[in-house]
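Q: Mind looking at a prediction? Sequence and model below.
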Amino acid sequence: MLGVRRRAVAGLAAIPALLSGCLYASAGYETFDWRVEPAAYSQGAAEPALSPTEIRYARETARIVFRRRAAERTAGFVSQGPEGYALCLRAGRDYALLVFARRVYDEAISQAADDNTILRSPADTAVCRASGRRWVAT
């Protein structure tokens with residue numbers, strides 16, 4: 001019984017020695033800086049016009065978000081980048097920012113592939129309230 005305890009204590013004593021190698025091996029790790037910035041208007045973007053599927057999706061989203069009130073969308077994307085493609089929606093003084101994760105050229109967006117985001121906070125929709133936007137009826 002005493003021998004089993006000695007081996008257990010010796011095993012526990014060896015753990016810091018084993019872990020020190022792990023800590024030494026990972027001491028030079030680097031982290032990535034994650035920033036969240038509001039979407040900005042992209043001047044003169046060479047992005048093609050909205051696809052019919054994107055227009056239909058924006059119309060249906062506006063109908064649901066604004067509870068069937070008459071709504072408008074921006075004529076094109078207000079932001080394009082690694083975060084996605086942002087499109088503004090509005091009904092009266094109520095705004096929403098619809099962010100497509102990627103461009104959609106298929107006939108429909110399946111429920112499994114729907115990873116688009118709808119942002120409604122004043123900070124997120126500030127880009128939509130900026131003057132000079134061209135709005136079209138949904």
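A: Cool, got the structure. Numbering: from 1, shown residues only.
Q: for stretch 112-121, which positions count as buried?
A: Residues 116, 119 are the ones in stretch 112-121 that count as buried (16 or more other C-beta atoms under 10 Å). The way it works is simple: take the backbone N, C-alpha and C, and place the C-beta from them, glycine included.
Q: element containing the residue lying closest to Glu83 once chain neighbours are set aside?
A: The spatially closest residue to Glu83, leaving aside those adjacent along the chain, is Val99, at 6.8 Å (C-beta to C-beta, 6 or more residues apart in numbering). Using DSSP states H and E, Val99 maps to strand 94-100.
Q: Just say helix, strand or coil for Tyr85.
A: Three-state assignment for Tyr85 (DSSP: H, G, I helix; E, B strand; the rest coil): strand.
Q: partners of it in the sheet?
A: The residues paired with Tyr85 through beta bridges, assigned by DSSP bridges, are Gln80, Phe100.
Q: residue contacts, the nearest residue to Leu97 once chain neighbours are set aside?
A: Taking C-beta to C-beta, 6+ apart as the measure, Leu97 lies nearest to Leu119, with 4.3 Å between them; neighbours along the chain are not counted. With contacts defined as C-beta atoms under 8 Å, 6 or more residues apart in numbering, Leu119 is in contact with 96-97, 99, 125.
Q: What is the nearest of these to Ser110?
A: Distances from Ser110 to the contacts of Leu119, taken as C-beta to C-beta, are shortest for Val99 (18.1 Å).
Q: The closest one against Gly84, yeah?
A: Yes. In this structure, Val99 sits in contact with Gly84. The criterion is C-beta atoms under 8 Å, and the distance is 4.3 Å.
Q: anything in contact with each of those two?
A: For the pair Val99 and Gly84, residues contacting each of them under the criterion C-beta under 8 Å, 6+ apart are 116-117.
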